[in-house]
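K.L.:
3D model of this:
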Amino acid sequence: MTTRRVSTMPIGLSSNSVPVHRVADVVIAGAGIAGVAAAHQLLVRDGVRRVALVDPREPLSLTSSKGTEAYRNYWPGPDDTMARFMNRSIDLLEALDRDSDQAFELNRRGYVFLTADPVEAERLRGHKGPAMEFVEGEDAIHARFLFVNERARAMLHVRRAGYMNALKLGAYLLERARTGGLDLMRDEVTRLVTSNQRLVAVELASGARIDTGALVFAAGPLLPEWVERLGLGVPIVNELHGKISFEDDDGLIPRDAPLMIWNDPVDLGELGMFPPGVHLRPRGARSVLGIWTYDTRIETPRFPPVFDGDYGEVVIRGLAEMVPGLSAYVSRASGAVVDGGYYCKAPDNRPLIGPTSIEGVFLLGALSGFGLMASQAAAELLACHLLDRPRPDYAAAFHPARFEDPSYQRVLATLDPRSGQL
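P.N.:
Sure, this is the predicted structure:
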């Protein structure tokens, strides 16, 4: 593939600083994984000719690479909408994996949920199925995962799941899109130009203008600001989530381990009782990612996000409940790298994909903690709306106008902002 050289001057300005006037079939605001996937979908899969991807930051630099980089089709209730959506996205990810000769390190090692609690064991048993293996008994579990706490009495191994390298996936999609003619602009959409509630152009921070009939907001955690500014009436918030990375110098976690989750509360003594869900996965030659969402805060995004000073130590202590050997790293917790990002969430914890009340303006967001795994099906659905093509049967569940539908209020009553969240 050939690589198009990107100018180092501010995008949208010519060499004599006169604003450039452009025309595009579609403008995408936001170069996170959602925006990059949408650009790839439109240019490579759907043959759209002129697509501009606009972001003042480097692509994939805000939140797209700040999570576990994992995927799953395991999506507990209240119905199978999200599971069908994710299965489609995984189909597309697997096709990309084959086409790219495994360029983004997709694996299928699964998710493993562990418990020492008999009540939780019975709940996990209820989820077993063709692609979900239930294993019971301390000896059976310990024989498979020697490093796990010997008290673990049951586990559920979700098979159509695993993890990947988010930055490499993004780079692969971006390169294919650029080869297809993507106009990648280091700039920022600042104003919409409309006529009779129909989009006709966007103006950028540089002073440039792009005449276009279609704008996709794929702004990640910055989406609520635009939703409010445009009066779209879609209630979304940002929830802070952190993770840590530390070196496994003693080689406790095998490099081929699944993503592993301890499903029981953890008593950390003087630090208090913490909720279930501490989890880890290996990364690279020696690193381990540790995640524990025990203190979710709704806040206005700030970059970089700020986390509690003891977050790294708390996570390692929690992980040591699942993997006792990790307790040796508590004294080195200050060396753990702490980062993270925001789950941009709708009240039902489902995405917003589709048109708005302004003709030509589309949303591709509220992808919560599942943006990477959902990116392909989300981009495909967005293209169906934008190009007025037949849509999958889950499209209505993600339409931005669903909260105005009285019949959806009954569905919403069965959901909460953590629906499907692990």
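K.L.:
May I see the buried residues of stretch 34-47?
P.N.:
34-44, 46 (16 or more other C-beta atoms under 10 Å). Just so you know, the C-beta spots here come from the backbone N, C-alpha and C atoms, and that holds for glycine as well.
K.L.:
Buried residues, stretch 316-328. List them.
P.N.:
316-323, 325-326.
K.L.:
same thing with stretch 348-363?
P.N.:
Under 16+ other C-beta under 10 Å, the buried positions of stretch 348-363 are 348-356, 358, 360-363.
K.L.:
in the stretch 251-400 of the chain, which spans are strands?
P.N.:
Ranges of strands in the stretch 251-400 of the chain, per DSSP state E, counting those that start in this stretch, are 259-262, 266-267, 273-274, 278-283, 287-291, 337-345, 352-355, 361-365.
K.L.:
Can you lay out these as TSV showing mean pLDDT and distance to residue 173?
P.N.:
Converted to TSV, those look like this (pLDDT from 0 to 100; distance: least, C-beta to C-beta, whole Å):
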stretch	mean pLDDT	distance to residue 173
strand 259-262	98	23
strand 266-267	98	38
strand 273-274	97	37
strand 278-283	98	21
strand 287-291	97	22
strand 337-345	94	19
strand 352-355	98	17
strand 361-365	98	14
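K.L.:
and these as a markdown table, adding distance to residue 69?
P.N.:
Listed next are those as a markdown table, based on distance: least, C-beta to C-beta, whole Å:
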| stretch | distance to residue 69 |
| --- | --- |
| strand 259-262 | 10 |
| strand 266-267 | 24 |
| strand 273-274 | 24 |
| strand 278-283 | 8 |
| strand 287-291 | 8 |
| strand 337-345 | 12 |
| strand 352-355 | 22 |
| strand 361-365 | 19 |
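K.L.:
Which one of those lies nearest to residue 62?
P.N.:
strand 337-345 (7.2 Å; C-beta to C-beta).
K.L.:
tell me what the closest one is packed against?
P.N.:
strand 237-247 (3 or more C-beta pairs under 8 Å, 6 or more residues apart in numbering; DSSP states H and E).
K.L.:
what comes up buried for the strand it packs on?
P.N.:
237-244, 246.
K.L.:
That strand packs against which elements?
P.N.:
Strand 237-247 packs on strand 287-291, helix 311-322, strand 337-345, going by 3+ C-beta pairs under 8 Å, 6+ apart.
K.L.:
Of the ones you listed, which is nearest residue 268?
P.N.:
Smallest distance to residue 268 across the helices and strands packed on strand 237-247 (C-beta to C-beta): 5.4 Å, for helix 311-322.
K.L.:
Can you tell me what sits against that closest one?
P.N.:
Here helix 311-322 makes contact (C-beta atoms under 8 Å, 6 or more residues apart in numbering) with 114, 148-149, 152, 242, 244, 246, 260, 262, 264, 266, 268, 271, 274, 278, 280, 290-292, 294, 308, 326-327, 329-330, 333-334, 336, 338.
K.L.:
export the helices and strands packed on strand 237-247 to CSV and tack on distance to residue 397?
P.N.:
Below are the helices and strands packed on strand 237-247 laid out as CSV (distance: least, C-beta to C-beta, whole Å):
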stretch, distance to residue 397
strand 287-291, 27
helix 311-322, 33
strand 337-345, 15
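K.L.:
Tell me which of those lies nearest to residue 24.
P.N.:
Closest to residue 24 of those, according to C-beta to C-beta: strand 337-345, at 24.9 Å.
K.L.:
on that earlier part again, just give me the closest of the buried residues of stretch 348-363 to residue 189.
P.N.:
Once C-beta to C-beta is applied, the member of the buried residues of stretch 348-363 that ends up nearest residue 189 is residue 361, at 10.8 Å.
K.L.:
Identify all residues paired with the closest one through a beta bridge.
P.N.:
In this entry, residue 361 is beta-bridged to residue 215, by DSSP bridges.
K.L.:
That one and residue 55: what is the separation?
P.N.:
In this view, residue 361 and residue 55 are 17 Å apart by C-beta to C-beta, to the nearest Å.
K.L.:
Show me the shaky parts of the stretch 1-150 of the chain.
P.N.:
Residue ranges of the stretch 1-150 of the chain with pLDDT under 70: 1-20.
K.L.:
hmm, back to that, same list (the buried residues of stretch 34-47) but as TSV, adding secondary structure and distance to residue 207.
P.N.:
TSV is the format used below for the buried residues of stretch 34-47 (DSSP: H, G, I helix; E, B strand; the rest coil; distance: C-beta to C-beta, whole Å):
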residue	secondary structure	distance to residue 207
34	helix	27
35	helix	22
36	helix	25
37	helix	29
38	helix	25
39	helix	23
40	helix	29
41	helix	30
42	helix	26
43	helix	26
44	helix	31
46	coil	31
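K.L.:
Out of the residues you listed, which is nearest to residue 191?
P.N.:
Distances from residue 191 to those, taken by C-beta to C-beta, are shortest for residue 35, at 18.8 Å.
K.L.:
Find me whatever residue is spatially closest to the closest one, sequence neighbours aside.
P.N.:
residue 218 (3.7 Å; C-beta to C-beta, 6 or more residues apart in numbering).
K.L.:
got it, and residue 193?
P.N.:
residue 201 (4.0 Å).
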